[in-house]
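Undergrad: Next come a sequence and a model predicted from it.
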Amino acid sequence: MLKQIPFIKLVCIFLVSVSFANAQVLPVGSHLLEEYYRQQQLLGKLDSTVSFVIRPLQAKFLRQDNIYRPNEPLNSPYQYSTGDDQIFLQILPITWEVQANSSYPYGWNDGSMIPSNGFQTRLSAGVYAQYKFLSVQFRPEFVYADNKTFENHAKQPGFGMEWYHAIGNHIDMPEYFGNGSYQKAFFGQSNILFTFKPISFGLSTENLWWGPGKRNSLTMSNTAPGFMHATIHTSTPIATPIGSFEAQIVGGKLNRSGFPPSITGESLHQELYYVEKPDDWRYFSGFVANYQPKWVPGLFLGFIRTYVTYHKDQDKLQDYLPFFSPSLSGTDYLDDNGVKQQSNHVRDRYGSVFFRWVMPSGGFEVYGEYGRKLKAENGRDWMVNPTKSRAYILGFTKMVSLHRASGANLQISAEATELASPDPMESNYTASWYTDDVVRDGYTNKGQVLGAGIGPGSDLQSIDVSWIRDLQSIGIEFERFSHNEDFFNHYVRDIRRSWADLGIRGHASWDYKQFVATASFQYTHAYNYQHIVDEFYSDFWDYAKHDKNNVNFRLGISYRF
């Protein structure tokens with residue numbers, strides 16, 4: 001008992017000496033505000049040490065008293081602060097969002113919303129409370145979707161077995177989230193955190209975003225609903241003589257969607273190719289670290305490692321921290337014929353490196369992320385096959401002042417994401433991102449991908465031009481979306497059937513007193529929808545085109561207290 005006294009004294013001294021910090025965060029998915037703060041950094045109005053590569057963003061990072069109403073003091077009767085980070089209370093914004101598709105599912109980076117056809121809506125609200133080092137945020141979400149039928153892969157005769165071999169049996173990514181309407185409540189952007197500057201730790205169901213990308217992230221985005229996880233992360237950058245560091249370690253539980261890959265009972269009975277996935281949850285573990293060199297202001301360098309394992313394959317405590325332990329021994333799994341096989345690995349693993357370089361003097365940023373799904377066997381394998389199972393994101397943003405007095409700017413941004421294998425001979429389900437032959441629910445949570453929302457084997461290129469003034473903006477965006485080129489190259493193998501979407505989107509945002517609204521309208525023309533060609537004629541390029549048009553509409557309104 002006496003031996004414990006020095007330890008208790010040390011703990012008490014630590015608690016007295018540490019500084020408490022406002023642990024409030026700006027939730028991932030607050031698209032308008034996240035983009036606003038990023039733009040302010042390019043204009044030189046926000047600290048250039050904020051990396052934007054590990055989100056959600058801390059209020060102290062942004063140096064805002066009220067992160068939802070930038071540059072305004074805490075003068076609302078719905079907020080209370082002692083001014084010394086000891087006590088802080090706030091009613092969070094009420095947000096109502098609507099999304100609608102006219103022909104087929106389109107959209108990602110929308111968290112608890114599902115990929116569906118027809119009308120869909122989400123309502124969220126909550127409260128935040130902090131007392132010294134303890135903070136609690138409760139912000140649940142409720143989602144309703146029509147979940148209307150649409151033309152799915154079952155209309156593509158001759159490729160049912162191949163679709164299950166590439167997708168249906170190797171990832172939990174259902175085409176339909178049940179029959180009829182869908183409704184579900186989520187804990188949403190909620191957390192319980194203990195913060196002792198510069199470290200926070202606790203439990204959370206919040207969405208996370210790792211990496212510098214805007215439209216996609218290779219390993220962690222808000223395409224899927226947030227999952228229950230334990231986290232330990234930096235609450236502010238840790239300054240050292242060589243620069244500053246940020247990091248986060250996460251361990252959590254991934255759940256299945258509970259729905260089959262495709263509808264059952266359709267005329268071709270392609271569901272007969274489905275091999276039932278294990279009735280087990282998956283453990284997710286991930287680590288991200290970011291370094292800002294002291295000698296190069298605005299430059300951020302980092303790396304990410306993530307692992308997904310079925311719970312049944314974790315026997316020891318060290319299995320929950322795979323960054324510090326060797327690969328686990330093999331396990332049994334079912335192949336596409338339902339035959340038991342033996343694998344020499346049990347983890348679906350991903351790794352990436354990234355950079356972001358911000359140059360406020362020129363109103364410019366450039367960023368990129370490069371990742372691999374399959375570990376190189378050795379240095380020789382890396383040199384011979386550097387592009388094996390690789391994926392990447394590249395993008396830039398340029399701000400041009402239009403009228404200094406009013407604060408109006410022109411923003412030009414572009415981003416390219418490529419998940420498809422560069423070598424068609426490698427394009428199979430074992431190499432395709434987010435799918436796996438052993439962890440057969442893949443890199444997903446509740447039926448949606450954790451990483452890039454465009455999905456396995458897909459590519460996206462987009463360019464956006466916008467007029468911007470604070471939280472107000474009007475813009476137009478063009479994009480090309482190539483669907484699952486890995487499946488196309490490995491199974492379809494007909495150059496006339498490549499499925500690509502060309503889209504144009506108009507978008508706007510506006511604020512008025514307590515209200516903030518965003519809206520977008522996108523028209524998309526899908527070439528060779530679902531890789532289908534209706535009818536071939538005598539000439540090779542003379543065939544009946546199977547194209548489809550889709551209109552996507554989005555509206556979001558928030559009331560800020």
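TA: On my side now, so go ahead.
Undergrad: quick one: the strands in the stretch 101-250 of the chain?
TA: 118-131, 134-138, 141-145, 182-186, 191-196, 199-204, 209-210, 229-234, 238-240, 243-254 (DSSP state E, counting those that start in this stretch).
Undergrad: just how off-centre is the longest one within its chain?
TA: Its chain's average C-alpha position is 18 Å from that of strand 118-131, according to CA atoms, centre = their mean, to the nearest Å.
Undergrad: Could you do the fourth one as well?
TA: Relative to its parent chain, strand 182-186 has a centroid offset of 20 Å by CA atoms, centre = their mean.
Undergrad: What of stretch 76-91?
TA: 31 Å.
Undergrad: so how far is residue 522 from the most centrally placed residue in the chain?
TA: Closest residue to the average C-alpha location of the chain: residue 221 at 1.0 Å, with CA atoms, centre = their mean. Distance of residue 221 to residue 522, computed by CB to CB, to the nearest Å: 19 Å. Where C-beta positions appear, they are placed from N, C-alpha and C, glycine not excepted.
Undergrad: cool, and residue 361?
TA: 34 Å.
Undergrad: what about these two, which has more around it?
TA: residue 522 (19 against 10; other CB atoms under 10 Å).
Undergrad: and that one, what does it touch?
TA: 106, 503-506, 551-553 (CB atoms under 8 Å, 6 or more residues apart in numbering).
Undergrad: Could you list the low-pLDDT ranges of the protein?
TA: Where the chain drops to pLDDT under 70, the residues are 1-22, 154-158, 264-271, 326-328, 376-379, 381, 424-431, 537.
Undergrad: ranges for the helices of it?
TA: 4-17, 31-42, 59-62, 160-163, 379-384, 485-487 (DSSP state H).
Undergrad: which residues are in contact with the third one?
TA: By that I understand helix 59-62. Contacts of helix 59-62 (CB under 8 Å, 6+ apart): 21-26, 37, 46-47, 50, 67, 235-236.
Undergrad: can I get these in TSV with distance to residue 329 and neighbour count?
TA: What follows is the contacts of helix 59-62, written out as TSV (distance: CB to CB, whole Å; neighbours: other CB atoms under 10 Å):
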residue	distance to residue 329	neighbour count
21	43	21
22	46	20
23	40	25
24	44	26
25	39	26
26	42	20
37	46	21
46	49	22
47	47	12
50	43	21
67	46	23
235	38	23
236	41	18
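Undergrad: which residue packs closest to residue 413, ignoring adjacent ones?
TA: residue 397 (4.2 Å; CB to CB, 6 or more residues apart in numbering).
Undergrad: Report the contact partners of the one you found.
TA: Counted by CB under 8 Å, 6+ apart, residue 397 has contacts 38, 42, 214, 364-365, 411-413.
Undergrad: if you set the cut-off to 7 Å instead, what comes out?
TA: 42, 365, 411, 413 (CB atoms under 7 Å, 6 or more residues apart in numbering).
Undergrad: next one: residue 282
TA: 254, 308-311, 439, 441.
Undergrad: and which of the residues you listed is nearest residue 177?
TA: Ranked by distance to residue 177 (CB to CB), the contacts of residue 282 are led by residue 441 at 15.1 Å.
Undergrad: Alright, calling it a day.
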